[in-house]
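Trainee: sequence and predicted structure below; questions after.
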Amino acid sequence: LPQQASIWDAYFSDYHTTTGEQRTVQLADGSQVFLNTDTAISVYYQDARRQVILHHGQAQFTVAEDKTRPFTVNSDKLQVLALGTVFEIYRKSSGDIDISVQEHAVAVSFAGSGNVQQTAPMRIQQGQQLHLSQDSNKFNLPEIAHDEMSGAWRQRRVIVKDRPLSELIAEIERYRPGRIFLGG
């Protein structure tokens, strides 16, 4: 059976993709979102702000400039504020979240979860990435992004380097129905 992150998230979201599907969505303000396989987002636009909820999956955001309405993406306990930018967020099935910035910068902060201490926003610059594990309540320093690996999904490629075989299998399973089993 296909392994979907959450059928309910997809059903109640504004935009979603199924296993193996990728899709570009043009938002009402002119921003674009490129959704990777098995991804679901909801969009909330108001007079004073633009907010997207990434329920699960991976998306690249190309944000249209609007100085009167900030553009934020929330995913679980994180809030990412676009600072005139192109960036992507990957909320893994494990609950870990990866953020990488292709243009300009973003400010990442905790979204006010009860068990997370509020800290100053972490600024991630162009060419940097940030990994936050599910059980972490503080930010590590951003690292240099490996563009060939982080952006490979946009060309329908999977690149895994110096990672366990289980991570490669999990990544490939995102793009195809069914499960992969290794015999020993």
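Mentor: Everything's here; your move.

Trainee: when you work out contacts or count neighbours from here on, use the C-alpha atoms and nothing else.
Mentor: Fine.

Trainee: centroid residue for the protein?
Mentor: Nearest residue to the geometric centre of the chain (CA atoms, centre = their mean): Ile89, 2.1 Å.

Trainee: quick one, what contacts it?
Mentor: 58-60, 97-100 (CA atoms under 8 Å, 6 or more residues apart in numbering).

Trainee: which SS class is it?
Mentor: Under DSSP: H, G, I helix; E, B strand; the rest coil, the three-state class of Ile89 is strand.

Trainee: for burial, what's the neighbour tally of the residue lying closest to it once chain neighbours are set aside?
Mentor: Excluding the flanking residues, the one nearest Ile89 by CA to CA, 6 or more residues apart in numbering is Ile99, at 4.6 Å. Other residues within reach of Ile99, judged by other CA atoms under 10 Å, total 24.

Trainee: secondary structure of Ile99: a strand, I assume?
Mentor: Yes: counting by three-state DSSP, Ile99 falls inside a strand.

Trainee: for it, give its distance to Pro177.
Mentor: Using CA to CA, to the nearest Å, Ile99 is found at 26 Å from Pro177.

Trainee: now do Gly151
Mentor: Taken as CA to CA, the span from Gly151 to Pro177 is 22 Å.

Trainee: what of Gln22?
Mentor: 14 Å.

Trainee: and those two? Which one has more around it.
Mentor: For Gln22 and Pro177, the more surrounded residue by other CA under 10 Å is Gln22, and the numbers stand at 20 against 15.

Trainee: can you pull the contacts of the residue lying closest to that one once chain neighbours are set aside?
Mentor: Nearest residue to Gln22 in three dimensions, chain neighbours excluded: Asn36, at 4.8 Å (CA to CA, 6+ apart). Shown in contact with Asn36 (CA under 8 Å, 6+ apart): 17, 21-23, 57-59, 153-154.

Trainee: could you look up the SS state of Ile172?
Mentor: helix.

Trainee: look up how far Ala10 lies from it.
Mentor: According to CA to CA, Ile172 stands 20 Å off from Ala10.

Trainee: more neighbours: these two, which one.
Mentor: Neighbour count, other CA under 10 Å: between Ile172 and Ala10, Ala10 has more, with 21 against 16.

Trainee: backbone dihedrals for that one, both of them.
Mentor: Ala10 has phi and psi values of phi -70, psi -40 when expressed as degrees, to the nearest 10.

Trainee: which helix or strand in the protein has the lowest average pLDDT?
Mentor: helix 147-150 (a mean of 66; mean pLDDT, DSSP states H and E).

Trainee: thanks a lot, catch you later.
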